[in-house]
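Undergrad: got a sequence here, can you model it:
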Amino acid sequence: MRECANGSGLAVEAGVREPFPGACEIHGRAGCPCSRRSDDDGFTLVELLVGMMLLVVLLGLGVFALRQFWLNHSLHGARSEVVTQLRQIQQRSVSESHPLVYGVRFRAGSSTYGLVKFNPQDTATTTDDTCSEMSTVTMGSGVRIASASFTSATGITSLCKSQISGASSDQFVFFYARGTATEGTLSFEVPALPGRTLSIGVTPITGRVSSL
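TA: Sure, this is the predicted structure:
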């Protein structure tokens with residue numbers, strides 16, 4: 001049992017000695033139950049600064065995590081889109097039958113790729129063969145082609161490289177009416193995600209397009 005101010009200003013209630021209101025303020029005794037810090041003191045400047053710094057750090061971590069999520073989402077989305085596009089080109093080659101051949105051209109470091117059509121017109125001669133780019137597709141934000149390597153199609157790849165502007169160093173994958181294709185692989189990357197790549201493979205005999 002504590003006493004404030006040597007017992008002065010104390011009241012007895014039910015056998016327990018308690019300080020009169022104001023007794024602790026008068027005597028300033030630390031042992032008094034009422035000599036506590038006021039709830040109205042608020043926060044100090046240092047406490048506010050520390051709180052703000054923690055908030056900034058948490059917000060920064062949240063923004064970084066969200067950005068990583070969207071970049072990964074874009075990378076997976078681009079691969080799925082190209083797989084779908086290649087399968088559609090394959091179906092078109094089969095449905096329109098020989099001698100038309102459809103394919104796609106890829107360039108390492110580019111965020112776009114082109115859909116191409118090879119038309120031999122007269123199968124008895126190669127002088128009137130044509131290769132044209134039907135359209136260009138742009139991949140998701142920040143995604144680009146990391147590498148591409150496909151087997152050269154005899155008489156087709158070289159012609160397309162010469163007839164399509166700026167395609168001399170591009171890689172081409174072609175799908176034939178009989179269901180086969182030129183073999184190869186293709187990989188994608190996002191520069192903001194170092195070391196992170198996704199790939200696609202094309203099987204020659206069946207023309208199967210799959211994610212690796």
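Undergrad: secondary structure class for Ala148?
TA: strand (DSSP: H, G, I helix; E, B strand; the rest coil).
Undergrad: residues near it, how many?
TA: Neighbourhood size, Ala148 [other C-beta atoms under 10 Å]: 22. Every C-beta, even on glycine, is put in place using the N, C-alpha and C of the backbone.
Undergrad: didn't it look like it was pressed against Ser110?
TA: No. Assessed by C-beta atoms under 8 Å, Ala148 is found out of contact with Ser110, at 9.5 Å.
Undergrad: now list whatever residues contact both of these two.
TA: Counting by C-beta atoms under 8 Å, 6 or more residues apart in numbering, no residue touches both Ala148 and Ser110.
Undergrad: quick one: the strands in this protein, in order.
TA: Ranges of strands in the chain, per DSSP state E, are 10-13, 16-19, 101-106, 112-119, 130-138, 144-150, 171-175, 184-189, 197-202, 209-211.
Undergrad: measure how the longest helix seen in the chain sits relative to strand 101-106, angle-wise.
TA: Longest helix in the chain by number of residues (criterion: DSSP state H): helix 45-96. Angle, helix 45-96 to strand 101-106, by axes from the mean of the first three to the mean of the last three C-alpha atoms, to 10 degrees: 160 degrees.
Undergrad: elements contacting helix 45-96?
TA: Here helix 45-96 touches strand 101-106, strand 112-119, strand 171-175, strand 184-189, strand 197-202, strand 209-211, going by 3 or more C-beta pairs under 8 Å, 6 or more residues apart in numbering; DSSP states H and E.
Undergrad: in stretch 53-73, what counts as buried?
TA: Buried residues in stretch 53-73, defined by neighbour count with 16 or more other C-beta atoms under 10 Å: Leu71.
Undergrad: picking that back up, what's the most buried one of the helices and strands packed on helix 45-96?
TA: strand 171-175 (a mean of 26; mean count of other C-beta atoms under 10 Å).
Undergrad: pLDDT wise, what is the residue positioned nearest the centre of the chain at?
TA: The centroid of the chain falls nearest to Leu71 when counting by C-alpha atoms, centre = their mean (1.7 Å). Turning to Leu71, the model gives it a pLDDT of 81.
Undergrad: shouldn't it be in contact with Leu193?
TA: Yes. If you go by C-beta under 8 Å, Leu71 and Leu193 touch, sitting 5.4 Å apart.
Undergrad: so what's Thr157 scoring on pLDDT?
TA: 91.
Undergrad: hey, what's the nearest residue to it once chain neighbours are set aside bridged with?
TA: Leaving aside its chain neighbours, Thr157 sits nearest to Phe172 (5.0 Å; criterion: C-beta to C-beta, 6 or more residues apart in numbering). Listed by DSSP bridges, the beta-bridge partners for Phe172 are Arg105.
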